[in-house]
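[1] build the 3D model from these lines:
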Amino acid sequence: MMPKPALALLSLLSIASAEPLATCPGYRATNVRSGPSYLIADLTLAGTNCNLYGEDITNLRLTVEYQTDTRLHVLITDREQNVYQIQDSILPRPLSQNASSQTANLRFTYEANPFSFKVTRASTGDVLFDTSSSPLIFETQYLRLRTRLPPNPNLYGLGEHSDSFRLQTNGYKRTLWNSEAPYIPQNQNLYGSHPVYFEHRGGGNGTGGTHGVFLRSAAGMDVVIGKSDAGEQYLEYNTIGGVFDFYFLAGPSPGEVSKQYADVVGLPAMMPYWSLGFHQCKYGWPDLGHVKQVVKNYSDAGIPLEALWGDIDYMDNKLDFSTDPVRYPKDQLKAFVDDLHGKNMRYVQILDPGIRYKSDYGPFSRGAEKDVFLKAADGSWYRGLQWPGEVVWPDWIAPQTKEWWTTEILTFYDANNGIDADGLWVDMNEASNMCADTTCLSSAQKTRSLPTGISQRAPGDGQHLGLPNRDLFTPKYQIANHYPTLSSRTLFTNITNSDGSTQYDTHNLYALTMSSASRSALISRSPTKRPFLLTRSTFSGSSRFAAHWFGDNFSSWADYRASIRQLLSFSAIHNYPMVGSDVCGFNGQAQEHMCARWAVLGAWQPFYRNHADISAPDQEFYRWPSVAAAARKAIGIRYRLLDYIYTGLHYASKTGEAALVKPLWFLFPSDAATYGIDTQFFLGDALLVSPVVEDDASSVTFYLPQGKWYDFFRHRRIDQASAGGRNVTVSGVGWDQIPVFIRGGSILALRLSDASFISGRAMTTAEVRTRNFEIIIAPDQNGKAKGRLYLDDGESLDSSGKESEIEFSWNGTMFEATGTFGYDTKGVVVQRIVLLDDGVSGNGQREVSERWPLTGGFTTNLYI
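    Okay, the predicted model is just below:
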């Protein structure tokens, strides 16, 4: 990792040229043509070239599209269409519906000379984006655009990062360049890039609202949030390539912005039901016997375990598509997986993109025959270092690579003759290269000695695959990458992809393309089943293919807290509902009380896995009595809520709404006290989770907004009538406890608790699915409540006609279930309805038990 003083120096060098940049001439707009839903103009350099970090591109093209009433597209490209733009095959563009500029919710206006533009909210006149304070700069290897912001704005997004959820507003820089990032350091670039931000300006009385800005660019970039010398707030893009391809999202509610962003980058993939269970992994398990003992220990401890994961330990010398013949013999591993399946448990394995450069290694030789690997500038296979040693990397843009990868997965994971894994985990796909710099290995040295601008294309081909004759290793503008150069610890940036684009332009897309190919292969393996895929590195739109975990964190209270911030950013802002952290931390030694707290917190996050490094001591939940007790209780509660979580995933994948995890201000947009909260979160719309967050503490102070609330565990009512809510302190919180409150106006459908069954604890999600439901009604101040429940078989890729979308309502006397009822519940019914705060019963709640089938709508009067 780069020393911090050097990193700070690079940052200062990048900022030092601010004054010369301000003297650049900008552009002037001419030949303006417009219609009901579009505007097109030529932009021409308005004066003497700056050429500060590259050569100014003289002629640009402006295209403005009113795509929908809530989405405005603003695209600034070179007129010849040579500058790189993300391939539509990698990130498809949304189709324009040709909305009218007169009725759209956003308005585009511009000044011709020097060119600048504004985006305003039509209903209020609020200026959402304003570039008039500084000139547009569009050079061969440097683009800059600055927008004014209101003072101290509420900004969120621009991930992946471990910083505060609400971004700092002065002297803050977000660098987007996918990178290996052990210990998830703050104020540095991490594994993924998501160039989107939401700005929230409050709500109520027809003013404020939330809007989103997405820059569809894979370029390495610094996004700077700060104040000018005059005290003016701004956000500034500084990229080393690409174009300005903006999508402005009108909202005006935060939930609507989430949907609008999903419309642009694609809906998240729906996950299989079993993936919501508890998962266990560890890098460094010595052999299959040890793994079997882990499974047995969980069972003996009475801690439900859904899925066992295999890290690279299972491989023969860390080779993909292999098993260690001594420690993990293939026949024994296959029998073990079959035994897990007999217990309704699951097995997931890791794959890395680096393929061993070895002529007698089948995946390499078959890939070489199909020409699927990236090549160095001299035409040889580009080689680097990953776990197995010297490796080559697949070119996921090449069409034949997908066929090769699918064949390897179908062969190794053949259900009859191979390892019948239930899901895959793709790691090291930033891509991570253990070569520290460009002097590593002989082919790399050859690459370094050749001209950096080598391209398979002639200049002026108009395919927007990248300009020739650029310095692809060391551009003059240096983004604040936490490694010394762009090529440090990753694929060299002068490598050319099969379509003529270069890694300089497509680096941030490597994991996205690998995830796409891997999901496609899993569907080929089981065409009717929903695949499960987990990826470390991501880009906007990656949720279409894979779940994500937050990488190699540390076993510390600080990273325990960071997991909440990351959860909020990914789920609410980045269109990524199926996410979570390595519970109890990946690196370092887990401390007992911290691990107990994390075991409980993790149970309220969508993806729930305990995982640790080879250098870390074993940290399975059963290792400490207090952690085991916390895990048993937390997983038992989680499993009651599985259908509530699953329902949120369904609507996120169907509509793009942030239906699963969201910050408090999503539901209380007018309450300024919620805007900076990143230690609490909503799970769905009904449950407010407020964990203990201080080191070794047994109390927590959290914010409870205005409204009617109920303790989730005790069903006790809490009235929060004061305007704006108040802080609440809860003391004596045990290591197995977490404060959770039901929001008044909610209806929850929970599986019956373990205490209701002679068999006791449900140990797998398959067993959970056989249990009847209990309905919890938590009325609001007006005595009303509503909720919803989604049901299907939990695994079909296409559930059309065989799913149930049920709406629940309570009007003060009558409970009603309506909707569609296509799923056969196989006898599972609603067995009990509990009304909280009924105002009549001595214990404050009314319970009615019956058997209401979920095969059709029904009503019941709870007071008869």
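[2] now for the chain, the helix or strand with the poorest mean pLDDT.
    helix 4-16 (a mean of 37; mean pLDDT, DSSP states H and E).
[3] give me every residue that touches residue 297.
    620, 622 (CB atoms under 8 Å, 6 or more residues apart in numbering). Bear in mind the C-beta positions are built from the backbone N, C-alpha and C, glycine included.
[4] secondary structure element holding it?
    helix 288-300 (DSSP states H and E).
[5] could you point out which element follows that helix?
    strand 307-310.
[6] can you give me how far that following strand is from the chain middle?
    Counting by CA atoms, centre = their mean, to the nearest Å, strand 307-310 is centred 22 Å from the centre of its parent chain.
[7] ranges for the strands of the stretch 151-300 of the chain?
    For the stretch 151-300 of the chain, applying DSSP state E, counting those that start in this stretch gives strands covering 154-157, 172-176, 196-200, 210-215, 221-227, 233-239, 244-249, 279-280.
[8] redo the ones you listed as JSON lines? Include mean neighbour count, distance to residue 133 and mean pLDDT.
    Output for these, formatted as JSON lines (neighbours: other CB atoms under 10 Å; distance: least, CB to CB, whole Å; pLDDT from 0 to 100):
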{"stretch": "strand 154-157", "mean neighbour count": "23", "distance to residue 133": "17", "mean pLDDT": "98"}
{"stretch": "strand 172-176", "mean neighbour count": "24", "distance to residue 133": "18", "mean pLDDT": "98"}
{"stretch": "strand 196-200", "mean neighbour count": "23", "distance to residue 133": "17", "mean pLDDT": "98"}
{"stretch": "strand 210-215", "mean neighbour count": "25", "distance to residue 133": "16", "mean pLDDT": "98"}
{"stretch": "strand 221-227", "mean neighbour count": "21", "distance to residue 133": "12", "mean pLDDT": "98"}
{"stretch": "strand 233-239", "mean neighbour count": "22", "distance to residue 133": "7", "mean pLDDT": "98"}
{"stretch": "strand 244-249", "mean neighbour count": "22", "distance to residue 133": "16", "mean pLDDT": "98"}
{"stretch": "strand 279-280", "mean neighbour count": "24", "distance to residue 133": "49", "mean pLDDT": "98"}
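[9] what average pLDDT does stretch 135-143 get?
    Stretch 135-143 shows a mean pLDDT of 98.
[10] what does stretch 323-337 give?
    Computed over stretch 323-337, the average pLDDT equals 98.
[11] quick one: buried residues of it?
    323-324, 327-328, 330, 333-334, 336-337 (16 or more other CB atoms under 10 Å).
[12] just the ones of those in helices?
    330, 333-334, 336-337 (DSSP state H).
[13] is it correct that residue 634 is in contact with residue 736?
    Yes. With contact defined as CB atoms under 8 Å, residue 634 reaches residue 736; the gap is 7.0 Å.
[14] anything in contact with each of these two?
    Joint contacts of residue 634 and residue 736 (CB under 8 Å, 6+ apart) are residue 600.
[15] between these two, which one's more packed in?
    Taking other CB atoms under 10 Å, residue 634 and residue 736 do not tie; residue 634 has more neighbours (25 against 18).
[16] neighbouring contacts of the helix or strand containing that one?
    Per DSSP H and E, residue 634 falls inside helix 625-640. Identification of contacts with helix 625-640 by CB under 8 Å, 6+ apart yields 276-278, 301-304, 592-593, 595-597, 599-600, 602-604, 608, 621-622, 645, 735-736, 738, 750-754, 761-762, 765, 768.
[17] now with 6 Å?
    With contact meaning CB atoms under 6 Å, 6 or more residues apart in numbering, helix 625-640 is reached by 278, 301-304, 595-596, 599-600, 603, 621-622, 735-736, 750-751, 754, 762, 768.
[18] for the nearest residue to residue 212 once chain neighbours are set aside, list each beta-bridge partner.
    Excluding its sequence neighbours, the residue lying closest to residue 212 (CB to CB, 6 or more residues apart in numbering) is residue 249, at 3.7 Å. Counting by DSSP bridges, residue 249 forms beta bridges with residue 71, residue 212.
[19] show me the contacts for residue 249.
    212, 257, 260-261.
[20] now do residue 332
    residue 288.
[21] check the gap between it and residue 344 for me.
    Separation of residue 332 from residue 344 (CB to CB, to the nearest Å): 21 Å.
[22] next one: residue 805
    Taken as CB to CB, the span from residue 805 to residue 344 is 26 Å.
[23] which of the two has more neighbours?
    Between residue 805 and residue 344, counted using other CB under 10 Å, the more crowded position is residue 805 (19 against 15).
[24] secondary structure element holding the more buried one?
    Residue 805 belongs to strand 804-810, assigned by DSSP H and E.
[25] output the contacting helices and strands for that strand.
    strand 785-791, strand 814-821 (3 or more CB pairs under 6 Å, 6 or more residues apart in numbering; DSSP states H and E).
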